[in-house]
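Enquirer: need coordinates for the following:
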Amino acid sequence: MLAADAGQHRLIQHLLEIEVSLDSVTDDDGRTALTRACMTGQVRAAKVLLDHGANALHKDKDTSIQLAEKFGHYQIVRLLDGLEADASKSIALHKLLKEAGFTWQRAKLQQKMADSMEDIVRQIHENNEGIHVVGSFAEGWGSSLTQLNGQASDDCDINWTCLVGPREPVHLLNGCSCKAVKKTRFEVKQGYVQVDAMIGSEPAMTAAECGSKPAESFCFANPCCSNSIAEQTVMRGCFEANALPLHLVRAARPTADHELRISFSFLEKAIMRSLTDCQGQLYILMKFVLNRLVSGQVATAGLKTYHAKTLLLYLLHEHGFDEQIWRPDNLIRLLNESLDKLLEFIDSGPDPDICMPSFFLPDSPLYFANAGVGGDFQQTKSRVRDQLKRLRTTNLAEAVVQKLQHQLKPLQNENFYFHPFTMVPLQALNPLQTEGNSEITVSTFGKLYDVVRSYFELFSDKAGDAMALLKPLENLTWCKTTAACLNILLLYKVEDFEAAKKVLKGLDNHTDRKLSSVRELLLPRVEPEEPSC
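Expert: The predicted model follows:
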């Protein structure tokens with residue numbers, strides 16, 4: 001308080017660096033350090049406090065800007081005026097995002113859905129524990145910029161990583177503490193490992209969107225022995241202690257061929273799953289701005305979702321768990337900070353293909369999309385820079401609010417959409433096991449995939465066998481629609497159209513499981529605690 005009264009901004013800076021609280025400490029009149037600085041006209045002190053997240057909307061009797069006006073400190077009024085407008089717009093954005101379902105509770109539910117889908121895919125692939133779903137859908141944030149309800153948007157794919165094994169993991173120089181390792185420890189240079197084979201730069205096999213099936217990518221990877229090479233992962237509590245180790249994917253830099261790239265997708269998944277409402281909503285805003293207002297406005301796109309995620313990781317590391325920063329009324333300020341950081345990264349080097357440094361390995365560059373293609377794509381960096389500067393000189397808050405009002409769709413109910421068999425990667429049919437317990441639950445849900453495909457094999461010439469195959473499904477709550485649809489197809493095959501109509505009418509009385517039932521199935525019995533900043 002005394003430092004604020006006296007305008008000792010350097011002392012304030014030092015005190016804040018040792019984590020002195022900003023808004024929880026007040027004087028006898030309920031005033032914070034910021035309101036005291038506004039009363040005494042200490043502009044520099046007020047600026048330092050605001051930069052560290054002091055709440056400009058705090059009110060005992062008057063707000064900070066009202067106090068500055070009352071005492072005639074108009075420089076502070078100008079300083080606070082824009083901040084109050086941004087805070088108001090931030091609250092509006094927070095409300096819009098919350099109404100569209102972007103909360104940590106719903107993100108947690110989607111994460112559990114992704115885990116269940118992962119279990120199903122492992123069952124289908126002969127209980128392969130090396131298969132992992134990663135990316136936005138698994139992280140619970142960013143698979144849709146419209147609603148958070150379990151559905152992925154048209155421009156979002158489902159990402160799968162399959163760890164190749166069983167074999168000795170890759171041991172990285174300076175990242176391996178394994179004892180008695182006889183094999184070579186590979187040196188890491190700028191996030192890549194040199195190998196003899198020609199690799200190329202397409203790590204994943206892709207499948208385009210088809211009907212209700214979203215686009216997918218499937219990546220084979222070599223596991224490493226540990227995570228210790230990721231220096232900045234000391235963000236306390238932001239990832240699980242048992243997060244899976246790093247792995248190498250088949251991707252080289254634009255100018256190289258004999259390289260494997262280190263992937264941090266498992267660590268990223270753990271960190272993104274720990275986001276609070278404010279942090280997750282900021283990520284949605286960052287992804288929206290970079291995809292729609294930057295890349296969408298330049299001829300050679302350039303920015304990808306991974307750039308938005310990396311910027312968020314930098315902000316998480318910089319601000320840590322400061323509750324004064326991670327507040328809904330700070331969303332616009334944090335968004336502006338992320339764009340300024342991106343501009344700073346872009347301006348830090350001349351290479352036209354490099355956008356920014358990796359978060360986990362700062363000496364490893366992250367490239368623009370289509371880097372190395374040459375020609376007109378060499379102008380991507382300058383175009384992105386120019387568009388970012390245009391955004392920063394306009395009323396970004398107003399533009400984002402207006403566009404998101406049309407983009408976001410308020411939830412009509414709490415329901416989630418979970419159709420795992422439209423999301424699983426296709427593969428050869430497993431032999432159907434008909435013996436044993438016929439009950440199908442999420443833990444054995446993968447059997448249904450083989451049942452349906454086996455049914456279509458029998459469908460062509462063994463109608464009686466196909467009908468018998470349907471019997472175990474008819475009484476299973478989670479398979480009623482599947483069994484009914486297959487039954488209708490079979491009845492059409494034997495031209496019993498009246499019976500098919502009766503089955504179809506029976507579906508009129510069948511309703512989807514309510515959210516509470518889905519929650520019981522997917523979430524632990526104990527309600528998860530809210531993530532801490």
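Enquirer: and H319, how many neighbours?
Expert: Counted with other CB atoms under 10 Å, residues neighbouring H319 total 19. C-beta here means a position set from N, CA and C on the backbone, and glycine is covered the same way.
Enquirer: state the pLDDT value of it.
Expert: pLDDT, H319: 85.
Enquirer: do you know how far it is from A369?
Expert: Distance from H319 to A369, counting by CB to CB, to the nearest Å: 28 Å.
Enquirer: cool, and F377?
Expert: Taking CB to CB, one finds F377 at 9 Å from A369.
Enquirer: mind giving me the packing neighbours of the helix or strand hosting I65?
Expert: Per DSSP states H and E: I65 is located in helix 64-70. Helices and strands touching helix 64-70, as assessed by 3 or more CB pairs under 8 Å, 6 or more residues apart in numbering; DSSP states H and E, comprise helix 33-40, helix 74-99.
Enquirer: so for F377 and A369, which residue has more residues nearby?
Expert: Per other CB under 10 Å, whichever of F377 and A369 has more neighbours is F377, with 20 against 16.
Enquirer: is it true that that one lies in a strand?
Expert: No: F377 sits outside any strand when classified using DSSP: H, G, I helix; E, B strand; the rest coil, being helix.
Enquirer: might one say that it is in contact with N370?
Expert: Yes: if you go by CB atoms under 8 Å, F377 and N370 touch, sitting 4.9 Å apart.
Enquirer: tell me which residues in stretch 355-365 are buried?
Expert: C355, M356, P357, S358, F359, F360, L361, S364, P365 (16 or more other CB atoms under 10 Å).
Enquirer: so how far is stretch 301-321 off the chain centroid?
Expert: Between the centre of stretch 301-321 and the centre of its chain there are 11 Å (CA atoms, centre = their mean, to the nearest Å).
Enquirer: wait, I meant stretch 396-409
Expert: A distance of 20 Å separates the centroid of the chain from that of stretch 396-409, by CA atoms, centre = their mean.
Enquirer: got it, and stretch 492-505?
Expert: Relative to its chain's centre, stretch 492-505 lies at 45 Å (CA atoms, centre = their mean).
Enquirer: now the residue lying closest to G191 once chain neighbours are set aside: how far from E495?
Expert: Leaving aside its chain neighbours, G191 sits nearest to S364 (2.8 Å; criterion: CB to CB, 6 or more residues apart in numbering). Separation of S364 from E495 (CB to CB): 64 Å.
Enquirer: and if you look at Q42?
Expert: 88 Å.
Enquirer: any idea how far the residue lying closest to D351 once chain neighbours are set aside is from G372?
Expert: Leaving aside its sequence neighbours, D351 sits nearest to P365 (CB to CB, 6+ apart; 7.5 Å). Distance of P365 to G372, given as CB to CB: 12 Å.
Enquirer: same deal with K182?
Expert: 37 Å.
Enquirer: before we move on, what about R31?
Expert: In terms of CB to CB, R31 sits 57 Å off from G372.
Enquirer: which SSE is the closest residue to S338 other than its chain neighbours in?
Expert: Counting by CB to CB, 6+ apart, L311 is the residue found nearest to S338 once chain neighbours are left out, at 4.6 Å. If you go by DSSP H and E, L311 is part of helix 305-319.
Enquirer: what stretches of the stretch 251-400 of the chain score poorly on pLDDT?
Expert: Residue ranges of the stretch 251-400 of the chain with pLDDT under 70: 299-300.
Enquirer: all strands of it, in order?
Expert: 259-263, 354-357, 365-367 (DSSP state E, counting those that start in this stretch).
Enquirer: these two touch, right, C156 and F137?
Expert: Yes: counting by CB under 8 Å, C156 touches F137, with 7.0 Å between them.
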